[in-house]
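Structure for this input, please:
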Amino acid sequence: MNIAFVTSEGDPERLLPSLRKALPHDRFFTWPEIPRPDSIEVALVAQPPPGELAKLTALKLIQSMWMGVDGLLADTTLPRHVPIARMVDPGMVAAMGETLLAHVLDWHRHFYRYRAQQAAREWQMLPQYMACDRTVGLLGLGELGAACAARLVPLGFNVIGWSRRAKQLAGVECFHGDEGFAKVLERSGALACLLPLTAQTLGILNARHFARLPRGACVINVARGAHVVERDLLAALDSGHLAHAWLDVFETEPLPQEHPFWSHPGVTVTPHIAALTEPRTSFAVVLENIERVRSGDTPHHLVDALSGY
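Sure, this is the predicted structure:
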């Protein structure tokens, strides 16, 4: 089988040695060095240059190395007849749970405020809360949302969540639909976005929805930058309605040097590192799907193009 890495981001060499060892009879290529594009049967992609996948006329599977596929689906030249599989990587899922827990604890224990006090040389004790006093709202209850809930629930936080379809998660009060979305907003002291980016979720963190959050609430976005209407977030922070925002993703990446998020006292910026694909665990996911293509079976974690994930 001919397999190609087609990506303008990431380092294929982190995964290639393991794949070559596991699949010694297969042939691997790395874009742009693909002598016969019409012979490639599996494409491993992160951010493929637009138009490149259309050249691979023998494709049987496009395996994303990322969980989010919004960028991939935005390519108007994408061969729509080829199945696309998301990367559901145990290492990445675990990392997201750790990142969200870190941000929630930063909020819960006031560490973000103590950092500001240190910069101002201000000595002031802030009120202490128990986890059971705090409600964390999760937007998105898929693999990532479930992993985050599994970190928060044992610590005693009240965890509520919203998804497009009705779901049940142990220890989580789950909501769906428009009415359920409003209820999650109204009760969340910290609201975390873990949604896929679709036409329905574009700009979902906006002024109208911020206004429904309790005064002094915080927002955590570890999904996609386009979920946030940036001017609305800045206005909600400046008015004092929102206390803080932890942002890992942005409309423009890297975040431009002149962007107000860099210096805003109400924003914590990280450079899209909430959950990276982990070669040691994603390897098994890729290998399994390659073997399923070889045997004619259906690959795991196929994308529904209509829903966008």
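
make it CA atoms for all contacts and neighbour counts henceforth
Will do.

hey, where'd the helices end up in the stretch 1-150 of the chain?
16-22, 70-73, 90-108, 111-119, 143-152 (DSSP state H, counting those that start in this stretch).

Would you mind giving those as CSV with mean neighbour count and distance to Thr7 added?
Converted to CSV, those look like this (neighbours: other Cα atoms under 10 Å; distance: least, Cα to Cα, whole Å):
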stretch, mean neighbour count, distance to Thr7
helix 16-22, 14, 13
helix 70-73, 17, 11
helix 90-108, 19, 19
helix 111-119, 14, 37
helix 143-152, 21, 24
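
Tell me which of these lies nearest to Glu258.
helix 111-119 (21.4 Å; Cα to Cα).

if you average pLDDT over the closest one, what comes out?
Helix 111-119 shows a mean pLDDT of 98.

And for it, what's in contact with it?
Here helix 111-119 makes contact (Cα atoms under 8 Å, 6 or more residues apart in numbering) with 105-106, 123-124, 265.

hang on, the earlier thing: figure out which of the helices of the stretch 1-150 of the chain is closest to Ala166.
Of all those, it is helix 143-152 that lies closest to Ala166, at 13.6 Å by Cα to Cα.

The closest one to helix 90-108, inter-axis angle?
50 degrees (axes from the mean of the first three to the mean of the last three Cα atoms, to 10 degrees).

how about low-confidence regions in the stretch 151-300 of the chain?
Along the stretch 151-300 of the chain, no part satisfies pLDDT under 70.

Against Thr268, how distant is the residue nearest to Gln128 when sequence neighbours are not counted?
Excluding the flanking residues, the one nearest Gln128 by Cα to Cα, 6 or more residues apart in numbering is Arg109, at 7.2 Å. Arg109 sits 15 Å away from Thr268, going by Cα to Cα, to the nearest Å.

got it, and Tyr114?
13 Å.

how many other residues sit next to Leu213?
When neighbours are defined as other Cα atoms under 10 Å, Leu213 has 23 of them.

Repeat that for Gly296.
Gly296 is flanked by 10 other residues according to other Cα under 10 Å.

can you check Gly177 too?
Close neighbours of Gly177, defined as other Cα under 10 Å, add up to 12.

so it sits right up against Lys167, yeah?
No - applying Cα atoms under 8 Å, one finds Gly177 not in contact with Lys167, separated by 11.3 Å.

where along the chain do the strands fall?
Here the chain has its strands, by DSSP state E, at 2-6, 27-30, 42-45, 61-64, 84-85, 135-139, 158-163, 172-176, 190-193, 217-221, 242-247, 267-269.

Good, we can wrap up now.
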